[in-house]
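Asker: Starting from these lines, generate the structure:
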Amino acid sequence: MRHLATALGALIVGGTVLVALFGPLLVTADPFAQDLMRRLIPPAWMGGDAAHLLGTDQLGRDYLARLVYGARISVLIGVVAAATSGLIGITLGVLGGFFGGRVDDIVMFAITCQLSVPLVLVALAVVSAVGSSLTIVVMTLGLLLWVRFAVV
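Answerer: Numbers count the residues shown, from 1 in each chain. The predicted model follows:
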């Protein structure tokens, strides 16, 4: 019971990953299909339809299916961005630590520059300039979060 918060967090993250992995097996409804005849159905526990456990939105799309497929995209972004930033950060951290001297100074200067600019500001600027696609979001996060791996 000492680490209840850790266990609860691990349970939530693990559940989200399992839902993301096995989402298509859990939900049969198409998250993008519109059915205006079945719009605004309340959740099943509030007298709604058992076919739509969490109900439907204004366009008749199933909320549960949209949550499951949204979890898949969120887990994909998180894993790929963490792997990218980890690869960059660990590589630069090892190079700076191994060679020391001038190389370490350059790596530490890059880290200082990176930490001096707000992450959200850079992300908004990139999305405004380039557009918001899944690839751009993953690349932006991967290139902005490497500092946390390099400093350790």
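
Asker: pLDDT wise, what is residue 1 at?
Answerer: Residue 1 carries a pLDDT value of 59.

Asker: From here on, call the first residue 243.
Answerer: Done: numbering now begins at 243, and the last item shifts to residue 243.

Asker: Residues touching the strand or helix carrying residue 247, excluding its own?
Answerer: Residue 247 is part of helix 246-263 when elements are defined by DSSP states H and E. The contact list for helix 246-263, computed with Cβ atoms under 8 Å, 6 or more residues apart in numbering, reads 268, 310, 313, 314, 316, 317, 318. (C-beta placed from N, C-alpha, C; glycine too.)

Asker: buried set for the helix or strand immediately after that helix in the chain?
Answerer: Remark: after helix 246-263, the chain's next helix or strand is helix 265-268, criterion DSSP H and E. Neighbour-count burial for helix 265-268 flags residue 265 (criterion: 16 or more other Cβ atoms under 10 Å).

Asker: Show me what helix 265-268 is packed against.
Answerer: Here helix 265-268 touches helix 305-341, going by 3 or more Cβ pairs under 8 Å, 6 or more residues apart in numbering; DSSP states H and E.

Asker: Measure how far the next helix or strand after the helix it packs on is from the centre of its chain, please.
Answerer: Next helix or strand after helix 305-341 toward the C-terminus (DSSP H and E): helix 343-358. Offset of helix 343-358 from its chain centre (Cα atoms, centre = their mean, to the nearest Å): 27 Å.

Asker: Nothing else from me, thank you.
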